[in-house]
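Chemist: Below is the structure, and that's it, no one-letter string:
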DNA sequence: CCCTTACTGTCAACAGTGTTGGCAAATGAG
DNA sequence: CTCATTTGCCAACACTGTTGACAGTAAGGG
């Protein structure tokens, strides 16, 4: 391999590797098996060998196609969750609507990738960062759209996240009673109310630091 | 069903076997090193070999004294969190006081065992169960004491847990902005208010399908 | 046709993990 | 002293993520 012939096309950090179309079925099978294993067993307990066995390929192929276990994980959690438009919702109902959108997916079980990343986040910084990105790209714009004139909307969105993530964690991940078995409508009512509180209640002045 | 053992030795929490007092320093060193490693690295990334190296003992000694990595973990998270008596607090201030007690420990960094168990809980069912026990033995009695006549206090305590755990998760574990860098007093005010809401706001009737 | 080249797959190996059992030294009781 | 128990060290096992060498395989050009 001569040096002049090598094209240094943007491979610096690009996750884009070049593979022929012949391996597409194998790659897809790997991704599918990884999604299931990660969601069910969590990041650490899901082994590459098990994923490869589920997909019917050699473990080395997983490495070849996805680089590492961490990259395979990030590939599985690449999801575009479409949050409904909240700009037309009455301001005193946004909290309830947001709670319904967030909890509803978990209640219906349409949350495989999110469950995987939430289970991995506390011990895997990359997963935690993925949650930060999801918050900034999904939740924050939706709430900014609903309250375009509120200067504190970012802080309020963060507070809403604490209530939402905590509910999801207790009910669907840790399964802590009585939250796990609580009537969904009752839970939705309470969580929606506190989210609404975070959205509209006056915030304590924190300008003491900005002299 | 109370057992007769009243004296809980700091070190003598070995599974079944009895060990001589000569190994007490080693056992204590192991427990201390494990506490630090589990809190900092999480359950899976904290290796027994590293814990043994920190404690200056052979990895096999960890197994001999604590049986397994999981048992060592449960030994480290045996914590008696002192929750203040809430029975004398005015009813409209319990939420704020509880938020201060829960978040204050994390803000001051007095939370090593809790951080370890919270990081491990999403992927380790035993850790999740440990959180259930903590909720039942610490949080629930304290709130029952503060609201002895409320028949829904268990449900309300669960709702409070969702707000509390979510806040801790976002701010101290996942470090999601803007919650992580938010002014503590402002955060405490908002979280305390929603906890108060969970405590005193009317609950939606869930008896429709209950009977 | 063969030859070249890149892609696809298989296998073995490496360093690291939790865990186990064997064996030597130390300690204390008789 | 002898002897049994405790304490510690070491090597090994099965497993993990990861790497590299090697063998088929499809495509394209002479």
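Modeler: Nice, thanks for sending it over. Since this is a predicted model, take the numbers as computed values, not measurements. Numbers count the residues shown, from 1 in each chain, chains lettered A, B, ... in the order given.
Chemist: Spell out which residues of chain A are next to DNA strand D.
Modeler: A:22, A:46-50, A:59-60, A:63, A:67-70 (C-beta under 7 Å from any atom of the strand). Quick note: C-beta positions are derived from backbone N, CA and C, even for glycine.
Chemist: Residue A:45 contacts residue B:122, correct?
Modeler: No: using C-beta atoms under 8 Å, residue A:45 is not in contact with residue B:122, being 11.2 Å away.
Chemist: near chain B, anything from the one helix or strand residue A:39 maps to?
Modeler: Using DSSP states H and E, residue A:39 sits in helix A:24-45. Yes: counting by C-beta under 8 Å from any C-beta of the partner chain, chain B is contacted by helix A:24-45 at A:42-45.
Chemist: Derive a PyMOL selection command for the buried subset of those.
Modeler: Those of the residues of helix A:24-45 next to chain B that count as buried under 16 or more other C-beta atoms under 10 Å in any protein chain shown are selected in PyMOL with:
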select buried, chain A and resi 42+43+44
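Chemist: Can you name the two of the residues of helix A:24-45 next to chain B that sit furthest apart?
Modeler: For these, the farthest-apart pair by C-beta to C-beta is A:43 and A:45; their separation is 7.6 Å.
Chemist: all helices of chain A, in order?
Modeler: In chain A, the segments counted as helices under DSSP state H are A:24-45, A:48-55, A:59-66, A:69-76, A:94-108, A:112-120, A:125-134, A:140-146, A:153-168, A:184-200.
Chemist: what does the domain assignment say about chain A?
Modeler: Listed by automatic domain parsing, the domain ranges of chain A are A:7-76, A:86-202.
Chemist: hey, which of those domains is tucked in deepest?
Modeler: Burial of the domains of chain A is given as mean neighbour count (mean count of other C-beta atoms under 10 Å in any protein chain shown); domain A:86-202 ranks first at a mean of 19.
Chemist: hmm, that domain touching DNA strand C?
Modeler: No: shown here: domain A:86-202 not in contact with DNA strand C (C-beta under 7 Å from any atom of the strand), separated by at least 13.2 Å.
Chemist: picking that back up, so what sits against both of residue A:43 and residue A:45?
Modeler: The contact sets of residue A:43 and residue A:45 overlap at residue B:123 (C-beta atoms under 8 Å, 6 or more residues apart in numbering or on different chains).
Chemist: Residue ranges in chain A under the pLDDT threshold?
Modeler: Along chain A, segments meeting pLDDT under 70 span A:1-17, A:78-82, A:207-211.
Chemist: in it, which residue is closest to the centre?
Modeler: What sits nearest the mean C-alpha location of chain A, by C-alpha atoms, centre = their mean, is residue A:114, with 4.4 Å.
Chemist: And that one, how far from residue A:131?
Modeler: Per C-beta to C-beta, to the nearest Å, residue A:114 is found 9 Å from residue A:131.
Chemist: for residue A:162, same thing?
Modeler: 12 Å.
Chemist: Ok, residue A:166 next?
Modeler: On the measure of C-beta to C-beta, residue A:166 and residue A:131 end up 13 Å apart.
Chemist: Then residue A:195?
Modeler: Residue A:195 is 18 Å from residue A:131, by C-beta to C-beta.
Chemist: OK, now which residue of chain A is nearest to chain B?
Modeler: Here chain A gets closest to chain B at one residue, residue A:166, 2.1 Å apart by C-beta to the nearest C-beta.
Chemist: Show me the contact partners of stretch A:131-144.
Modeler: Outside stretch A:131-144, the residues that touch it by C-beta under 8 Å, 6+ apart are A:81, A:83-86, A:94, A:98, A:117-118, A:121, A:153-154, A:156-158, A:160-161, A:199, B:174, B:176-177.
Chemist: do stretch A:39-53 as well
Modeler: Contacts for stretch A:39-53 (C-beta under 8 Å, 6+ apart): A:30, A:33-34, A:37-38, A:58-59, A:61-63, A:69, A:72-73, A:112-113, A:115-116, A:119-120, A:123-124, A:127, B:44, B:122-123.
Chemist: now do stretch A:66-78
Modeler: Residues outside stretch A:66-78 that contact it (C-beta under 8 Å, 6+ apart) are A:15, A:17, A:30-31, A:34-35, A:38, A:43, A:48, A:51, A:62, A:113-114, A:116-117, A:120, A:124, A:126-127, A:130.
Chemist: And DNA strand C, is stretch A:23-38 touching that?
Modeler: Yes: counting by C-beta under 7 Å from any atom of the strand, DNA strand C is contacted by stretch A:23-38 at A:23, A:26.
Chemist: Check the offset of that stretch from the chain's centre.
Modeler: Stretch A:23-38 sits 19 Å away from the centroid of its parent chain (C-alpha atoms, centre = their mean, to the nearest Å).
Chemist: surely residue A:115 meets residue A:173?
Modeler: Yes: with contact defined as C-beta under 8 Å, residue A:115 reaches residue A:173; the gap is 7.1 Å.
Chemist: How much space separates residue A:178 from residue B:86?
Modeler: Distance from residue A:178 to residue B:86, by C-beta to C-beta: 19 Å.
Chemist: now do residue A:130
Modeler: Distance, residue A:130 to residue B:86, using C-beta to C-beta: 38 Å.
Chemist: what do you get for residue A:158?
Modeler: On the measure of C-beta to C-beta, residue A:158 and residue B:86 end up 27 Å apart.
Chemist: same thing with residue A:143?
Modeler: For residue A:143 relative to residue B:86 (C-beta to C-beta), the value is 33 Å.
Chemist: Then residue A:103?
Modeler: Counting by C-beta to C-beta - residue A:103 and residue B:86 are separated by 29 Å.
Chemist: Ok, residue A:137 next?
Modeler: Counting by C-beta to C-beta, the gap between residue A:137 and residue B:86 amounts to 40 Å.
Chemist: what does residue A:50 give?
Modeler: In terms of C-beta to C-beta, residue A:50 sits 47 Å off from residue B:86.
Chemist: repeat for residue A:126
Modeler: Per C-beta to C-beta, residue A:126 is found 40 Å from residue B:86.
Chemist: hmm, back to that, any chance of the domains of chain A in a markdown table with distance to residue B:184 as columns?
Modeler: Converted to a markdown table, the domains of chain A look like this (distance: least, C-beta to C-beta, whole Å):
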| stretch | distance to residue B:184 |
| --- | --- |
| domain A:7-76 | 31 |
| domain A:86-202 | 13 |
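Chemist: Those domains: which one's closest to residue B:206?
Modeler: Once the domains of chain A are compared by C-beta to C-beta, domain A:86-202 is nearest, at 3.7 Å.
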